[in-house]
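**Student:** here's a sequence, model it:
(2 chains)
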Amino acid sequence: MDELLEVQGNGLVITRQDVLERVNKLLVEHSIQNVMKFNDEIDSFGFVELIVTIEDVFGISIEPNELIMEKFCNIEYITDYLYNKYVNSNVIDAANYNVIPIDFPVESEEY
Amino acid sequence: MKGVTRLKKWKMSRYMYLHKEDTQGVVLSTVSGAIIILDSYEMSYVENFRDKEFDSEDMPNELFEVLREQSFIVLVDSDELKEVIDAHYEAINASDVLHLTLFITDECCFNCSYCFVNKEKQNVMTRDVFTKVFGFVEKHLDNYSALDISWFGGEPLERLDFLIEYNSSLRDLCREHNKGFEAFAVTNGYDLTLHNTTKLYEAGIHSFQVTFDGDEEDHDKVRIHQEGGATFKRIFKNLMSLRYLPYQNLNIGIRCNMNSGSINSFINKYTKFFANDKRFSISLKPIVNYDSDSEKELLSIYAGKGKEVCDIACKYCVLDDFIKDKFFERKRWCSTLSKHSHVVSPEGKLYTCDSTMNNPKYCLGEIGSERDIKWNETFDATYLEHKIEGQCLTCRKLPLCYGSCQRIYYKLKKHACALSDNDIKFYMQYIIQQEERDRGDYSG
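**Tutor:** Numbering: from 1, shown residues only, chains lettered A, B, ... in the order given. Modelled structure (predicted):
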């Protein structure tokens, strides 16, 4: 069972499953077929475009020195990275960035 | 030599600002741009000697040497005003660098409400025109150590192929002549994609400036696509993707216009994604309507922004460098008056500055067939008469401002101050706070 996460400030509740589903949707939008290993499906430019879309949607900055293509071409790795960032730094700041997609299963008056 | 120096009489520079806070103070030399934080003991010397002649032995040797090297202390018989004005005119008349601002096209995919470029013209710098520009550079390059190009428009990336071709030609010419070369492009950022930036970087354009009007909501009201669409998201995502380029010399200057009410929100977002990447920088600039008939508006367009800027900067460290740059040593306000800087329209005509491209009255001439400038005889040469006069002669800010914008001076015969004394005070206060913050004892 996914751990429920109460994010400070916004009262948002996000689960790892939520993150996984949203990442999956983004990968599909980028025409990724094999979400578990898509190194061969994407060139470096396409990869950066995908990562930037993920950063934009989740409102999370991925450190360039942490961005290793081999690792990030895997939905589970991306999901863990994003989810851990939420947990460790409370980086969701929807009021400021308005980038958390509204199809997230969360409610907040600040949207 | 040092002994001889110490026998002379000294005074504190007239071009100095001093700001005190509890146990420390900060001094600024508007000549050297140096900012020094002093403790109360050191401050007492600076204050005591403010209006007196003194010997070097009258203050601790180390303090004396630091203050002298940074132009806070000058010889009693030195004429600082003359030195500042002489250096200013020398910077206008002589230069080691040839600078060209090239308008590659009037075309732009944006329809910004305040844009001064006449997009109805839709001119593009053809190869014939560029050949003239190239010939001019080729003929005169040996007089300089480097060529500095600013690509402007319209939107330069509307003509990406020409931009790459022309810039590569100029870069290669400089390589052949063993000259330095730097190129910079002012772009709306809409097409500054990873692909395009890579191509431009490889062609020798390493620096870019992109403008925002606050956060997404405000920006999209003003900087609209010609076809009516929003532009913020795409530009911001383009810039986010550039962080992953490996180019160490890439330089992205992000300019946020100060008219927006959502600067804080924008800088918050900028901080999140770009604060850790030193290749990115941010500045806050006013929008200037040089065609305004309001004297008050024109004369007050630059000064008086210090408090607003510092209030924002206190919240975001990303503006530290922008504030420090306010005091960066300079010998002129802009390149308009320089005899070694030219603004070239897509048709190959020369204008006084990038803001005057719509008005034939400001056309200086064109590059002629002999690869030299053919001057326009109808141009009002009084435009280039630049006088430091009136209040400027007694102003401590003269070495930062030099009477500021020549276009405004030509129109009003008055100088628009670049900074007020209050601005300087706010910036100095900010610098002290920043030092405390960086030392870890900032509790504000």
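**Student:** OK, contacts around residue 80?
**Tutor:** With no chain named, the answer covers chain A. residue A:16 (C-beta atoms under 8 Å, 6 or more residues apart in numbering or on different chains). Just so you know, the C-beta spots here come from the backbone N, C-alpha and C atoms, and that holds for glycine as well.
**Student:** chain B is the one I meant
**Tutor:** Here residue B:80 is in contact with B:13-15, B:31, B:74 (C-beta under 8 Å, 6+ apart).
**Student:** run through the stretch 1-150 of chain B and note the low-pLDDT ranges.
**Tutor:** For the stretch 1-150 of chain B, the stretches with pLDDT under 70 are B:1-6, B:119.
**Student:** residue in it nearest to chain A?
**Tutor:** Proximity to chain A, evaluated over the stretch 1-150 of chain B using C-beta to the nearest C-beta, is greatest for residue B:109 at 20.1 Å.
**Student:** not counting its neighbours along the chain, what's nearest that residue?
**Tutor:** Using C-beta to C-beta, 6 or more residues apart in numbering or on different chains and skipping residues adjacent in sequence, the residue nearest residue B:109 is residue B:226, 5.4 Å away.
**Student:** show me what contacts residue B:230?
**Tutor:** Counting by C-beta under 8 Å, 6+ apart, residue B:230 touches B:216, B:220, B:224.
**Student:** for residue B:103, helix, strand, or coil?
**Tutor:** Following DSSP: H, G, I helix; E, B strand; the rest coil, we place residue B:103 in the strand state.
**Student:** that one: neighbouring residues, count only.
**Tutor:** When neighbours are defined as other C-beta atoms under 10 Å in any protein chain shown, residue B:103 has 25 of them.
**Student:** what separation is there between it and residue B:342?
**Tutor:** 11 Å (C-beta to C-beta, to the nearest Å).
**Student:** who in the stretch 51-200 of chain B is up against chain A?
**Tutor:** B:194-195 (C-beta under 8 Å from any C-beta of the partner chain).
**Student:** looking at the stretch 51-200 of chain B, which residue is nearest chain A?
**Tutor:** Counting by C-beta to the nearest C-beta, the stretch 51-200 of chain B gets nearest to chain A through residue B:194 (5.3 Å).
**Student:** how close does the closest residue to that residue other than its chain neighbours get to residue A:55?
**Tutor:** Using C-beta to C-beta, 6+ apart and skipping the chain neighbours, the partner closest in space to residue B:194 is residue B:241 (4.7 Å). Residue B:241 sits 9 Å away from residue A:55, taking C-beta to C-beta as the criterion.
**Student:** residue B:300 too?
**Tutor:** Between residue B:300 and residue A:55 the computed distance is 40 Å (C-beta to C-beta).
**Student:** please apply the same query to residue B:280.
**Tutor:** Computed as C-beta to C-beta, the residue B:280 to residue A:55 distance reads 15 Å.
**Student:** how many neighbours does residue 40 have?
**Tutor:** All of this refers to chain A. As a burial measure, the neighbour count of residue A:40 was computed by other C-beta under 10 Å and equals 9.
**Student:** let's do chain B instead
**Tutor:** Close neighbours of residue B:40, defined as other C-beta under 10 Å, add up to 13.
**Student:** next one: phi and psi at it?
**Tutor:** Dihedral angles of residue B:40 (phi, psi; degrees, to the nearest 10) stand at phi -60, psi -30.
**Student:** cool, residue B:348 as well?
**Tutor:** In this entry, residue B:348 is assigned phi and psi values of phi 90, psi 10 (degrees, to the nearest 10).
**Student:** tell me, how many neighbours does it end up with?
**Tutor:** Residues contacting residue B:348 under the criterion other C-beta under 10 Å number 21.
**Student:** repeat that for residue B:70.
**Tutor:** Neighbouring residues of residue B:70 were enumerated by other C-beta under 10 Å; the total is 19.
**Student:** give me the pLDDT for residue B:304.
**Tutor:** At residue B:304, the model reports a pLDDT of 92.
**Student:** surely it touches residue B:422?
**Tutor:** Yes - shown here, residue B:304 and residue B:422 form a contact pair, counting by C-beta atoms under 8 Å, at 7.3 Å.
**Student:** alpha carbons of stretch A:70-89, as CSV, please.
**Tutor:** The C-alpha atoms that make up stretch A:70-89 are tabulated as CSV, following Å, rounded to 0.1, in the frame of the first residue of the first chain:
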residue,chain,number,x,y,z
GLU,A,70,20.7,5.2,-18.1
LYS,A,71,18.9,5.5,-14.8
PHE,A,72,16.2,7.9,-15.7
CYS,A,73,15.0,5.9,-18.7
ASN,A,74,13.0,3.8,-16.2
ILE,A,75,9.5,4.7,-14.9
GLU,A,76,10.2,3.2,-11.4
TYR,A,77,13.5,5.2,-11.1
ILE,A,78,11.8,8.5,-12.1
THR,A,79,8.9,7.8,-9.8
ASP,A,80,11.2,7.1,-6.8
TYR,A,81,13.3,10.2,-7.6
LEU,A,82,10.2,12.5,-7.7
TYR,A,83,8.5,10.9,-4.7
ASN,A,84,11.6,11.1,-2.6
LYS,A,85,12.0,14.8,-3.5
TYR,A,86,8.5,15.4,-2.3
VAL,A,87,9.2,13.6,0.9
ASN,A,88,12.6,15.1,1.6
SER,A,89,12.1,18.7,0.7
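**Student:** OK, contacts around the most centrally placed residue in chain B?
**Tutor:** Computing the C-alpha centroid of chain B and ranking residues by C-alpha atoms, centre = their mean puts residue B:334 first, at 7.2 Å. Contact criterion C-beta under 8 Å, 6+ apart gives B:353, B:405-406 as the residues in contact with residue B:334.
**Student:** out of the residues you listed, which is most surrounded?
**Tutor:** That'd be residue B:405 among those, by other C-beta under 10 Å, with 24 neighbours.
**Student:** contact partners for it?
**Tutor:** Each residue near residue B:405 by C-beta under 8 Å, 6+ apart is listed here: B:288, B:290, B:302, B:333-334, B:416.
**Student:** just the mean pLDDT for stretch A:35-45, thanks.
**Tutor:** In this model, stretch A:35-45 carries a mean pLDDT of 94.
**Student:** could you pull out the strands for the stretch 251-400 of chain B?
**Tutor:** Applying DSSP state E, counting those that start in this stretch to the stretch 251-400 of chain B gives strands spanning B:251-257, B:280-285, B:341-344, B:349-351, B:363-367, B:373-375.
**Student:** looking at those, which is nearest to chain A?
**Tutor:** The nearest among the strands of the stretch 251-400 of chain B, by C-beta to the nearest C-beta, is strand B:280-285 at 11.9 Å.
**Student:** each with direction, which strands does that closest one pair with?
**Tutor:** Neighbouring strands of strand B:280-285 in its sheet, by DSSP bridges, are strand B:251-257 (parallel).
**Student:** got a list of contacts for the strand it pairs with?
**Tutor:** With contacts defined as C-beta under 8 Å, 6+ apart, strand B:251-257 is touched by B:206-214, B:239, B:242, B:263, B:266-267, B:270, B:274, B:279-287.
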